[in-house]
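Enquirer: whatever this is, show me its structure:
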Amino acid sequence: MSLIVKAAVKDALSEHNVSADFYEALDEEVAELLEDAAQRAEANDRKTVQARDL
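Expert: Prediction:
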């Protein structure tokens, strides 16, 4: 399952070309951010992930 929307990324980088492997790498980075944020929330006894967890 992809966590990013390729069309949104393409729009955000409209001044640049985007290689196919960029999307996969970005998706992996986002997955890591989400996992880290979830772990921080759990470490603080919360089930709600908040902006400060990033």
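Enquirer: tell me, what residue is most central in this structure?
Expert: Closest to where the C-alpha atoms of the chain average out (Cα atoms, centre = their mean) is residue 30, at 2.2 Å.
Enquirer: mind checking pLDDT for the spatially closest residue to it that is not a sequence neighbour?
Expert: Excluding the flanking residues, the one nearest residue 30 by Cβ to Cβ, 6 or more residues apart in numbering is residue 3, at 4.7 Å. Just so you know, the C-beta spots here come from the backbone N, C-alpha and C atoms, and that holds for glycine as well. As summarised for this prediction, residue 3 has a pLDDT of 95.
Enquirer: for the lengthiest helix in the chain, packing partners?
Expert: Ranked by residue count under DSSP state H, the longest helix found in the chain is helix 20-43. Here helix 20-43 is seen to pack against helix 6-12 when contacts are counted using 3 or more Cβ pairs under 8 Å, 6 or more residues apart in numbering; DSSP states H and E.
Enquirer: quick one: the helix it packs on to chain centroid distance?
Expert: Here helix 6-12 shows a centroid-to-chain-centroid distance of 14 Å under the convention Cα atoms, centre = their mean, to the nearest Å.
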